[in-house]
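Asker: got a predicted structure here, sequence first:
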There are 2 protein chains.
Amino acid sequence: MARMLKKNYLMTPGPTPVPIDILLEGAKDTIHHRTPQYLDIQNEALENLKYLFQTDNFVYTMASSGTGAMEAAVANLLSPGDKAIAVNAGKFGERWCDLCKAYGAELIELDVEWGKYVRSEEIKKALEENPDTKAVFTTLCETSTGVVNPIKEIAEIVNKTDAVLVVDAISGLLAEPLKMDEWNVDVVVCGVQKGFMMPPGLAMIALSDKAMKIVEKSENARYYFDIRSYKKNYPDSPFTPPVNLIYQLVKSTNMLKEEGIENVWERHRIMSEATRAGVKALNLELFAEKPSNAVTAIKVPAGVDAGKLIKFLRDDWGIVFTGGQSQLKGKIIRIAHLGYMSKFDIIIAISALEMSLNKFGFKVELGKGVKAAEEVFVNEGV
Amino acid sequence: MARMLKKNYLMTPGPTPVPIDILLEGAKDTIHHRTPQYLDIQNEALENLKYLFQTDNFVYTMASSGTGAMEAAVANLLSPGDKAIAVNAGKFGERWCDLCKAYGAELIELDVEWGKYVRSEEIKKALEENPDTKAVFTTLCETSTGVVNPIKEIAEIVNKTDAVLVVDAISGLLAEPLKMDEWNVDVVVCGVQKGFMMPPGLAMIALSDKAMKIVEKSENARYYFDIRSYKKNYPDSPFTPPVNLIYQLVKSTNMLKEEGIENVWERHRIMSEATRAGVKALNLELFAEKPSNAVTAIKVPAGVDAGKLIKFLRDDWGIVFTGGQSQLKGKIIRIAHLGYMSKFDIIIAISALEMSLNKFGFKVELGKGVKAAEEVFVNEGV
C-alpha cells in the first residue's frame, strides 16, 4: 500500500507554528540577566512591543502563560468588593469571570450566547446600571468560538466613565487591528504563542495612566504579578526573566516590525477570508456570528464525529485542528490562521478538510473549497 | 598588542550554563499541548522529577520564575491572619517574608545574620512559642550568601508539630542532598535554571499529603498559582505549558537520572570543596559560615573594588561571577559551581581569580589556587 510522509501542520489557535529562525534564537547561549548585555536585549524587545501594541505605555513581560497576565490585570485593578463587569461569550470570557470571583470582586457577568459577539450597547447599559464599576473585562478574539468583539466601540463607551477597559488580546493581537492608545483601551494582555510566532511561556501586559493610578491603590494580595514591581524595575525585570524566550521575542518583534503592523493585520484578514470562502464552498457552516481573523470555527455537520475526524487528521496526516471546548465539545472544528502562516497554509487546511470529510461521512466535491480559497487570494492580488 | 578570544563562562548561581543538547531540544517544533503526543512528553518529565525531588508526591510544573512557585506555596498554604515562621538569612529568605506579608499572614520573622545558617534550635523555640504556626518557610541554599541550612534537622523538628515545612530549594536542589519523603519535607519549590541546567522560565513544586490538606482549605485569592487546578489536571496542565521548556526538561531530567542523583550531589560537593581550597590558597576568606555546594561567596579583600573586578572579568575575559545583593553589595564575590559544570570549570574560575586579582590591587601567587583545587580533584580520584 502506498504511503505518504507525515509532515506536521500546527493549525491551532496557540501554540502556533514557530519559524526555525525563532526556534534557533532560543538555542543561543543563556546569559546572566543582571548584566548590561542582557538589558540591551530585553530593552530592544520592549521597545518593539510598544509599536506592536500601538502604545506609548510600557509593555511588561512576565514568565507565565497568558492567564498570568490576565490575573495580573484582575489582581492589580480590583480590590476585594470592587464592582467589575466581565463579558462571558466563551471559555476565555469565562476565565475573566473566574478570575474576578477568585479575587473577591462583585461581578456583573454579561452572558452572551457562545458564538455571538457582545454588543457595545449591552456594556453601555451595564455601566449605566452600575456607575460604580471599576473595570470592564472583555476579549478581542474569543478563541473558543472564533468570534471577534467590537473593542473600538466598547472603548468609546467605557472611556466616558471612570471604569477602565481591560482586553484579553491573547489570540487577537496582530490578527485583528487593536490600537491601544488611539482607541483608549486601558489594559491589553497578550501571550507570545499566538501572533508572535513563539513557543509558549511569556505573557505581556500594557496599562494606561488611568489604569496605573488604580494599580497603585489596589489592595489585593499579590507578589509575582504585582505590576508595581514591574514598573519599578522597567526595562529590567523584578524576577529572573525567561532569557531565551526574550531572545526569541527580539527576533519575533523585529520580523513583525519589518513586515509592518498594517500588513500583518491584512495578511490575517485575507487568510481568514480565504478560509471562510473555502469552508462555505464545501457547504459547511460557520459558527461565529462575527468571525475573527485568528481562527475559523466550523459547525460540525450532522453525522460527522468531530473527535474522530480531528484525531485522524492529527495522527494520520499531521494536520492539527482543534475541536470545541466545554459546551462546544463535538459541535465545532476550529482552524487557526494565526501567526507564522501564509496562503499555502490555508490551501493545506482546506485540502485536508476536503479529503478527510468524505472519509467521515460528509460528501464534498474535491477541489471545490481550495478553488474558492484560491479565488480570494488571486482577487486580493497576493 | 596580543589578544585572546573572549569565550563566555557563566559562573552565576542562576542562570547556569545550558548544554547544547538541551538548548537544541528547545529548538524542536512546538506541538499542541492538548494532544496525547504532548502529554506523553510532559509525563516523562514529571515522572523523572519525582526521582530528582526524592518523592512519591506529584511534582507540578508552572510557567514562571522560581518566585512563582514560592508564591504558590504561600498563597496555597496560608489564609489571611495565619501564623507563619520565615527564616530571613539572606535575600531569598527575605522573599519568603515579603510573600507572607503580601498574603496577610501573621509573620514570625527569624532574623539570622546574613552569612550565618539558621540553627534548628531557633526554629524549635519559635514553634514552641507559637504552637499555632501553620507553616515554616526556609531555604536550602541561600544563594545570596552561599550558606546551606540544615534542612534535615529542621524537618525533624517541624514534623513533630502541625505546621508544614516549606523549603526554597531553587538553587540548592541537586547541588545539596535533599530527600523530600525520607526527611519529611512538606513542600519543595525549585526552578530549572540552576541544577537542572536549563534556560529560565519554568518552576516546580511538590507537596506532601499533609500540605495538600491545607491547600484545600486555604482562603487566599489565587488562580494561576492555585495548586488545586494543577492537582486536578495532573499530569496535564491547567494553562498552556511552556512546551519547548518541557522538551528541555525531559532531556535535562534524563541526563540527571543517568548520572544518578548521588553522583550529582557528589559532583557538586567535590566542585565546591575544590573551589574553597583554591580560594583559601589565595589567602581569600570565605563569607559563608556553612558554605553550600552550589555557590562560593568570597569576602572582598580590603582595597579591591568588587564591582570593577566583576565588570572587568565579564566584559574583558567573559568570566561571569556575581557580586553581593542588597546589604552585601561590594562586600562579596560569588562563584557558582552549579548545574552543567565539572572540574575544569573550577580550574577556570580559580585561574581567572588569580590572574585578575593582581590587576586589582590584591597580590596573589599565580598558580597557587589552581594547585590547591587540583589537589582536591586528584585526592577525590576524579
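Answerer: Now that the structure is in, tell me what you want to look at. Numbers count the residues shown, from 1 in each chain, chains lettered A, B, ... in the order given.

Asker: could you pull up the contacting residues of the closest residue to A:Val112 other than its chain neighbours?
Answerer: Closest residue to A:Val112 apart from its sequence neighbours, by Cβ to Cβ, 6 or more residues apart in numbering or on different chains: A:Ala89 at 3.8 Å. All C-beta spots, glycine's among them, are computed from the backbone N, C-alpha and C. Counting by Cβ atoms under 8 Å, 6 or more residues apart in numbering or on different chains, A:Ala89 makes contact with A:112-114, A:116-118, A:139, A:142, A:145, A:147, A:149.

Asker: now do A:Pro131
Answerer: Contacts of A:Pro131 by Cβ under 8 Å, 6+ apart are A:Thr161.

Asker: now A:Phe196
Answerer: Contacts of A:Phe196 (Cβ under 8 Å, 6+ apart): A:174, A:190, A:249, A:252-253, A:256, A:339.

Asker: A:Thr143: neighbour count?
Answerer: 29 (other Cβ atoms under 10 Å in any protein chain shown).

Asker: would you mark the buried spots in the top helix by length along chain A?
Answerer: The longest helix of chain A (DSSP state H) is helix A:261-281. Buried residues in helix A:261-281, counted by 16 or more other Cβ atoms under 10 Å in any protein chain shown: A:261, A:264-279, A:281.

Asker: what do you get for stretch A:92-112?
Answerer: Those would be A:92-103, A:105-110, A:112, for stretch A:92-112 by 16+ other Cβ under 10 Å.

Asker: distance between the ends of that stretch?
Answerer: Terminal residues of stretch A:92-112 are spaced 12 Å apart (Cα to Cα, to the nearest Å).

Asker: and it, how far out from the chain middle?
Answerer: The chain centroid and the centroid of stretch A:92-112 are separated by 19 Å under Cα atoms, centre = their mean, to the nearest Å.

Asker: who touches that stretch?
Answerer: So stretch A:92-112 is contacted by A:67, A:70-71, A:74-75, A:78, A:80-89, A:118, A:122-123, A:126, A:130, A:133, A:137-139, A:142-144, A:166, A:168, A:170, A:220, A:326, B:221-223, B:226 (Cβ under 8 Å, 6+ apart).

Asker: filter those down to the buried ones.
Answerer: Buried positions within the contacts of stretch A:92-112, assessed by neighbour count (16+ other Cβ under 10 Å), are A:67, A:70-71, A:74-75, A:78, A:82-89, A:118, A:122-123, A:126, A:130, A:133, A:137-139, A:142-144, A:166, A:168, A:170, A:220, B:221-223, B:226.

Asker: which ones among these map onto strands?
Answerer: Within the buried ones among the contacts of stretch A:92-112, residues falling in strands by DSSP state E are A:83-88, A:133, A:137-139, A:142, A:166, A:168.

Asker: now for those residues: which two are most distant?
Answerer: For these, the farthest-apart pair by Cβ to Cβ is A:Lys83 and A:Glu142; their separation is 22.8 Å.

Asker: distance check, the most centrally placed residue in chain A against A:Leu46.
Answerer: Centroid-nearest residue in chain A, with Cα atoms, centre = their mean: A:Ser171, separated by 0.8 Å. According to Cβ to Cβ, to the nearest Å, A:Ser171 stands 22 Å off from A:Leu46.

Asker: check A:Glu291 and give its pLDDT.
Answerer: For residue A:291 the amino acid is Pro, not Glu. Confidence at A:Pro291, expressed as pLDDT, is 98.

Asker: equivalent analysis for A:Arg3, please.
Answerer: The model reports A:Arg3 with a pLDDT of 88.

Asker: pLDDT at the nearest residue to A:Gly195 once chain neighbours are set aside, what is it?
Answerer: In space, and not counting its chain neighbours, A:Gly195 is closest to A:Leu174: 3.0 Å by Cβ to Cβ, 6+ apart. Looking at A:Leu174, its pLDDT is 98.

Asker: list the contacts of A:Leu174.
Answerer: A:Leu174 neighbours (Cβ under 8 Å, 6+ apart): A:52, A:194-196, A:256, A:261, A:264-265, A:268, A:339.

Asker: in CSV: these, plus pLDDT.
Answerer: Output for these, formatted as CSV (pLDDT from 0 to 100):
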residue, pLDDT
A:Leu52, 98
A:Lys194, 98
A:Gly195, 98
A:Phe196, 98
A:Leu256, 98
A:Ile261, 98
A:Val264, 98
A:Trp265, 98
A:His268, 98
A:Gly339, 97
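
Asker: list just the nearest of those residues to B:Asp21.
Answerer: Comparing the contacts of A:Leu174 against B:Asp21 with Cβ to Cβ picks out A:Phe196 as the nearest, at 26.5 Å.

Asker: the closest one: what secondary structure?
Answerer: What DSSP: H, G, I helix; E, B strand; the rest coil gives for A:Phe196 is coil.

Asker: how much space between the residue nearest to A:Thr35 when sequence neighbours are not counted and B:Val189?
Answerer: Closest residue in space to A:Thr35, ignoring its immediate chain neighbours: B:Arg314 at 6.6 Å, by Cβ to Cβ, 6+ apart. Per Cβ to Cβ, B:Arg314 is found 29 Å from B:Val189.

Asker: domain map for chain A?
Answerer: Taking automatic domain parsing as the criterion, chain A consists of the domains A:9-16+A:260-380, A:21-259.

Asker: quick one, what contacts whatever residue of the stretch 251-382 of chain A ends up closest to chain B?
Answerer: Across the stretch 251-382 of chain A, the shortest distance to chain B (Cβ to the nearest Cβ) belongs to A:Val320, at 5.2 Å. Applying Cβ under 8 Å, 6+ apart, we find A:Val320 in contact with A:8-12, A:313-314, B:31-32, B:35.
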